[in-house]
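> coords please:
(one chain, ligands or ions: 1)
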Amino acid sequence: MDPLKQRFYEKASALTKEMKALLKEHGQLKADEVTLSQIFGGARGIKMMMWETSELDANEGIRFRGYSIPQLQELLPAGPLGEPKPEGLFWLMLVGEIPTAEQVDWLSEQFRLRATVPEHTFTMLDSLPTDTHPMTQFILAITAMQTDSVFAQRYAEGIAKADYWDPTYEDTLNIIARLPKVAAYIYRRSFHGGQHIAPDPQLDWAANFAHMLGIPDPGFQSLMRLYMTIHADHEGGNASAHTVHLVGSTLSDPYLSFAAGMTALAGPLHGLANQEVIKWIFEMLDELGTRTPSKEQIADYINRTLAEGKVIPGYGHAVLRQPDPRFMAQKKYAEANLADSDIVQVVWKVFEVAPGILNDLGKVKNPWPNVDAHSGAILVHYGLTEYSYYTVLFGVSRALGVLAASCWSRAMGMPLERPKSLTSEWVKNFIKKQQEA
Ligand code: HAX
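Below you'll find the predicted structure:
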């Protein structure tokens, strides 16, 4: 057994045993009470699933195994320009320990060794029109690779429930290893005439992805390490993670459950917001006829967007009630590396005026920027201007968190997820009974 798999097995076996004993004694304790407003309001805040890899606090933002993003930037083994390697975050999320530089190098090598994509994936992609949305291509490509699922094969052979975690781990490493190649292929066929770039075996996972996209700037490689780290996980309740969790609970294998999660990420209220933000900014600049709008011009454009009954993309969040630390990490990166960029300065000016305007509406619970408000401007700076591709980048990163969490779900023997739904008739009767009581 490889060292990471061995460590995961030890950790997961111990925690599963501990949780079983705790549940036996305390299983009847109430962890939550649910209001009708929560049921009608998108299940906000209802505690209903286990998710080991990260936890979100409304005011503090995300912590991965207890570590904030600035702490990860300090503690995880880094690339040459100082940003953490996402391999290290994956290790941390999977086993709860900060890895050494040697362990991260070992994982980079694992991803290199497992990166061969089944050829029919490319044949399938090449059969699609090149203007097919990149997220559609991405989802189809993940699904096409499912022919290689170790979990599906072992299940068909008749695997014991106690062993589900093992092929889940294998699929997890294989999928993460293959995604940069698949995602770069989609980018190059969609926007660069199908001129593909061979992987560079000297590079770590994120830098190799940057290389295959065709942007040789070492700054872009470093940005990709940061990008792949901060987008990886946001606890279990967000739409993409929850979808992976739900579909995985049917024992649909990691390829299919991850592809399902990517269909959720492709919604404009979730991951697609990163393309919507830059699209909205470009439309604003075109309409205003300037690359350097004033704060007053931006405020006016925000008000016009709201008057048209649209949302301001990149602002608001279902859980967060402060500026997203993932936004702040990107802002800090931009301040250090590309403070002169016009498009980045537009993002900062929007940050100065949008929260006040949204706050004044009186209904927006969180007027602050989320992760998607900043990423596009930095990508544009490095020449990655084709914004319909941005959510694929998010998706490659999201694999790290949701698949590590899938390993935990199978190791802990999580059952088929099946919450209760209600009818309006039930709600009316319930209210009547409460009033009579
Ligand atoms: N612009 C305008 N209005 C907004 C708004 C925004 N950015 N954010 C929230 N509102 C509105 C809602 O549409 C809602 O209006 P109605 O009552 O008229 O329907 C009201 O404020 C209350 O909403 P909320 O409780 O504050 O927010 P929700 O939890 O319902 O929704 C969303 C959270 C992220 C979907 C929402 O803030 C939004 O639509 N933001 C813009 C899209 C976006 O940036 N999405 C990415 C989120 C982060 C993410 O998942 N990234 O992948």
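
> got a list of what the residue of the stretch 251-400 of the chain found nearest the ligand touches?
The ligand sits closest to Gly316 of the stretch 251-400 of the chain, with a gap of 2.1 Å, by C-beta to the nearest ligand atom. For every residue, glycine as well, the C-beta is placed using N, CA and C. Counting by C-beta atoms under 8 Å, 6 or more residues apart in numbering, Gly316 touches 358, 364-368, 370.

> following element in sequence after the longest helix along the chain, please.
For the chain, the longest helix by residue count, based on DSSP state H, is helix 165-191. Per DSSP states H and E, the first helix or strand lying C-terminal to helix 165-191 is helix 205-213.

> what does the following helix or strand past that following helix rub up against?
Using DSSP H and E, the next helix or strand after helix 205-213 towards the C-terminus is helix 218-230. Outside helix 218-230, the residues that touch it by C-beta under 8 Å, 6+ apart are 69, 72-73, 76, 78-86, 89, 203-207, 209-211, 326, 329-330, 333, 337, 371, 375, 378, 382-384, 393, 396-397, 400.

> ramachandran angles for Asp57?
The phi and psi values for Asp57, taken as degrees, to the nearest 10, are phi -110, psi 140.

> grab the nearest non-local neighbour of it.
Arg63 (7.0 Å; C-beta to C-beta, 6 or more residues apart in numbering).

> before we move on, back to that, how far off helix 218-230 does the longest helix of the chain point, in degrees?
Angle between the axes of helix 165-191 and helix 218-230 is 140 degrees (criterion: axes from the mean of the first three to the mean of the last three C-alpha atoms, to 10 degrees).

> still on that earlier bit, among the contacts of helix 218-230, name the ones in helices.
69, 72-73, 86, 89, 205-207, 209-211, 326, 329-330, 333, 337, 375, 378, 393, 396-397, 400.

> give me the buried subset of the contacts of helix 218-230.
The neighbour count (16 or more other C-beta atoms under 10 Å) marks 69, 72-73, 76, 78-79, 83-86, 89, 203-207, 209-211, 326, 329-330, 333, 337, 371, 375, 378, 382, 384, 393, 396-397, 400 as buried among the contacts of helix 218-230.

> intersect the residues you listed with the contacts of the ligand.
Val371 (C-beta under 6 Å from any ligand atom).

> residue ranges with poor pLDDT in the protein?
Within the chain, no stretch has pLDDT under 70.

> quick check: residues of it near the ligand?
Going by C-beta under 6 Å from any ligand atom, the residues of the chain near the ligand are 238, 269-271, 273, 311-318, 358, 363-366, 370-372.

> rewinding a little: please report which of the contacts of Gly316 has the highest neighbour count.
Counting neighbours by other C-beta atoms under 10 Å, Asn370 leads these with 23 neighbours.

> assign a three-state SS to Tyr389, would you?
helix (DSSP: H, G, I helix; E, B strand; the rest coil).

> assess the claim that it and Pro134 are in contact.
Yes. Using C-beta atoms under 8 Å, Tyr389 is in contact with Pro134, at 4.7 Å.

> between the two, what contacts are shared?
Shared contacts of Tyr389 and Pro134 (C-beta under 8 Å, 6+ apart): 186-187, 190.

> angle of the longest helix of the chain against helix 205-213?
Using the same axes, to 10 degrees: helix 165-191 against helix 205-213 is 30 degrees.

> show me what helix 165-191 packs onto, helices and strands only.
For helix 165-191, the packing partners by 3 or more C-beta pairs under 8 Å, 6 or more residues apart in numbering; DSSP states H and E come out as helix 3-26, helix 101-113, helix 119-126, helix 134-144, helix 150-157, helix 205-213, helix 254-265, helix 390-411.

> quick check: which element contains Glu55?
Per DSSP H and E: strand 54-57 holds Glu55.

> tell me the buried residues in that strand?
Going by 16+ other C-beta under 10 Å, strand 54-57 has these buried residues: 54-56.

> after it, which helix or strand is next? Please name it.
Per DSSP H and E, strand 54-57 leads on to strand 61-64 as the next helix or strand towards the C-terminus.

> got a list of contacts for that following strand?
53-57, 68-69, 72, 89, 92-93, 232-235, 320, 322, 324-326.

> CA atoms only for stretch 15-33, dumped as CSV, please.
Output of stretch 15-33 as CSV, limited to C-alpha atoms (Å, rounded to 0.1, in the frame of the first residue of the first chain):
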residue,chain,number,x,y,z
LEU,A,15,-12.2,7.9,13.2
THR,A,16,-14.9,5.5,11.9
LYS,A,17,-14.5,3.4,15.1
GLU,A,18,-14.7,6.4,17.3
MET,A,19,-17.7,7.9,15.5
LYS,A,20,-19.6,4.5,15.7
ALA,A,21,-19.0,4.4,19.5
LEU,A,22,-20.1,8.1,19.9
LEU,A,23,-23.2,7.5,17.9
LYS,A,24,-24.1,4.4,19.8
GLU,A,25,-24.2,6.4,23.0
HIS,A,26,-25.3,9.9,21.8
GLY,A,27,-27.1,9.2,18.5
GLN,A,28,-30.4,10.7,19.8
LEU,A,29,-28.9,14.1,20.7
LYS,A,30,-30.5,16.9,18.6
ALA,A,31,-27.9,18.8,16.5
ASP,A,32,-30.5,21.1,14.9
GLU,A,33,-34.0,22.4,14.7
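
> and that stretch, which residues are buried?
Using 16+ other C-beta under 10 Å as the test for burial, stretch 15-33 gives Thr16.

> do the same with stretch 276-296
Using 16+ other C-beta under 10 Å as the test for burial, stretch 276-296 gives 276-278, 280-282, 284-285, 293.

> just the residues you listed: which are in helices?
By the criterion of DSSP H, membership of those in helices covers 276-278, 280-282, 284-285.

> export the residues you listed to JSON lines and tack on distance to Val346?
JSON lines is the format used below for those (distance: C-beta to C-beta, whole Å):
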{"residue": "Glu276", "distance to Val346": "15"}
{"residue": "Val277", "distance to Val346": "11"}
{"residue": "Ile278", "distance to Val346": "10"}
{"residue": "Trp280", "distance to Val346": "11"}
{"residue": "Ile281", "distance to Val346": "6"}
{"residue": "Phe282", "distance to Val346": "10"}
{"residue": "Met284", "distance to Val346": "8"}
{"residue": "Leu285", "distance to Val346": "7"}
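
> excluding its backbone neighbours, what's nearest Cys231?
Quick fix: residue 231 reads His, not Cys. The shortest distance from His231 to any non-neighbouring residue, by C-beta to C-beta, 6+ apart, is to Ser397 (3.7 Å).

> residue farthest from the centroid of the chain?
Ranked by distance from the centre of the chain (C-alpha atoms, centre = their mean), the top residue is Glu436, with 46.7 Å.

> quick one: His317 from Pro415, how far?
With distances taken as C-beta to C-beta, to the nearest Å, His317 is found 30 Å from Pro415.

> now Ser252
Distance, Ser252 to Pro415, by C-beta to C-beta: 14 Å.
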